[in-house]
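*Asks:* Predicted structure and sequence below. I'll ask about it afterward.
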Amino acid sequence: MDTPSIARMYDYLLGGKDNFEADREACEELAKGIPELVAFANDNRAFLGRAVEYVSRQGVEQFLDLGAGLPTTENTHHVAQRANPGARVVYVDHDPIVLAHGRALVTDSAGTAFLMADIRDTDQVLSAPETHRLIDTDQPVCVMLVSLLHCLPDESDPFGMVRSLLDRLAPGSCVIFSHIVSDDPEAAAWMTEKILSFGTPWGRVRSPEEASAVFSGLELVSPWIDGRDQGPRAVDCATWRHPDRDPLRRPDDPEIKRWEMSGVAFKR
């Protein structure tokens, strides 16, 4: 409880109550260099909702939510099952506190389970009883990678992990992806070093080009709400299929040095 947790910090930024003093202090320290931090977290959460609804409308009924974090409003199964009552969701996280809250959340849903596992161990994730009960890998699966891979260091080979997982899933499967990126190496290093200084296990802020590796071999969908074929397809999450904003590769304000690059991409 004395070491900040990314899941609990995110909970605090979203206005949740499942966090400790160390988490709140870490967020306040980060906000000194990133004034838009609260908006950052809320924009990413809103992206998750829009993306899950979009994927559900495409007929995908199975969701593997990796690094799920603490439950909050509009969780993956709430959005997916509202669009399709038959949707099934397996949440995966390695934090015992997340597990306890998550299992309490899903007791009322037969189509939802919470698995405590190391997301980097794809064999463990796919072979778990919770996964076998709800996920049929011969049918399309949506892999949720929302605000996740920047939490993994390069030595964990996060993009290789994703490729290994997708190789075992059926055509028509997809990823919902967001990743903190920066086109300013100093800004990227500041955030990375600050979070690591808390003693919190983390990865790093990557460049947009580095983060785009997740989409290799996949087909990115249009980020426009009307599906038009125009402009970049990996965009700032705050603008992905937003009803009132045009998609932007990065925030308009040049003073904003970090954003969450996002996209939805299918395996064909």
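*Replies:* Yep, it's here.
*Asks:* alpha carbons only for contacts and neighbour counts from here, please
*Replies:* Noted.
*Asks:* thought residue 236 was touching residue 246?
*Replies:* No - using CA atoms under 8 Å, residue 236 makes no contact with residue 246, being 10.3 Å away.
*Asks:* all strands of the stretch 151-268 of the chain, in order?
*Replies:* For the stretch 151-268 of the chain, the strands defined by DSSP state E, counting those that start in this stretch occupy 174-182, 219-220, 235-236, 258-266.
*Asks:* Would you reformat those as TSV and include distance to residue 22, mean neighbour count and mean pLDDT?
*Replies:* Output for those, formatted as TSV (distance: least, CA to CA, whole Å; neighbours: other CA atoms under 10 Å; pLDDT from 0 to 100):
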stretch	distance to residue 22	mean neighbour count	mean pLDDT
strand 174-182	22	26	98
strand 219-220	38	16	98
strand 235-236	29	26	98
strand 258-266	23	26	98
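*Asks:* between these, which gets nearest to residue 81?
*Replies:* strand 174-182 (16.7 Å; CA to CA).
*Asks:* In terms of secondary structure, what does the closest one contact?
*Replies:* helix 37-57, strand 142-146, helix 208-211, strand 258-266 (3 or more CA pairs under 8 Å, 6 or more residues apart in numbering; DSSP states H and E).
*Asks:* helices or strands next to the second one in the packing?
*Replies:* Strand 142-146 is packed against helix 37-57, strand 62-66, strand 174-182, with contacts defined by 3+ CA pairs under 8 Å, 6+ apart.
*Asks:* how far out from the middle of the chain is that strand?
*Replies:* Mean-position distance between strand 142-146 and its chain equals 6 Å (CA atoms, centre = their mean, to the nearest Å).
*Asks:* That one pairs with which strands, and in what direction?
*Replies:* strand 62-66 (parallel), strand 174-182 (parallel) (DSSP bridges).
*Asks:* hey, C-alpha coordinates of the last one in CSV?
*Replies:* Only the C-alpha atoms of strand 174-182 are listed here, as CSV (Å, rounded to 0.1, in the frame of the first residue of the first chain):
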residue,chain,number,x,y,z
CYS,A,174,-9.2,-7.7,-33.3
VAL,A,175,-7.4,-5.5,-30.8
ILE,A,176,-8.5,-2.4,-29.0
PHE,A,177,-5.3,-0.5,-28.3
SER,A,178,-4.1,2.6,-26.6
HIS,A,179,-0.6,3.5,-25.5
ILE,A,180,1.0,6.6,-24.0
VAL,A,181,3.3,8.1,-26.7
SER,A,182,5.3,11.2,-27.2
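*Asks:* which residues sit against it?
*Replies:* Contact with strand 174-182 is made by 44, 48, 51-52, 140-150, 188, 205-208, 211, 237, 257-267, as judged by CA atoms under 8 Å, 6 or more residues apart in numbering.
*Asks:* Just want the angle from that strand to helix 37-57.
*Replies:* For strand 174-182 against helix 37-57, the angle by axes from the mean of the first three to the mean of the last three CA atoms, to 10 degrees is 160 degrees.
*Asks:* can you state the direction angle for strand 174-182 and strand 258-266?
*Replies:* Using the same axes, to 10 degrees: strand 174-182 against strand 258-266 is 160 degrees.
*Asks:* go on, the shortest one?
*Replies:* Computed with the same axes, to 10 degrees, the direction of strand 62-66 lies at 150 degrees from that of strand 258-266.
*Asks:* Show me the contact partners of strand 62-66.
*Replies:* Strand 62-66 is touched from outside by 76, 87-93, 119, 134-136, 140-146, 148, with contacts defined as CA under 8 Å, 6+ apart.
*Asks:* What's the ChimeraX syntax to select whichever of these are buried?
*Replies:* To isolate in ChimeraX the members of these that are buried, counting by 16 or more other CA atoms under 10 Å, one can use:
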select :76,87,88,89,90,91,92,93,119,134,135,140,141,142,143,144,145,146,148
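*Asks:* Which one, of the helices and strands packed on strand 142-146, ends up nearest to residue 216?
*Replies:* Nearest of the helices and strands packed on strand 142-146 (CA to CA): strand 174-182, 11.5 Å.
*Asks:* Surely residue 38 is in contact with residue 14?
*Replies:* Yes - taking CA under 8 Å as the definition, residue 38 is a contact partner of residue 14 at 7.1 Å.
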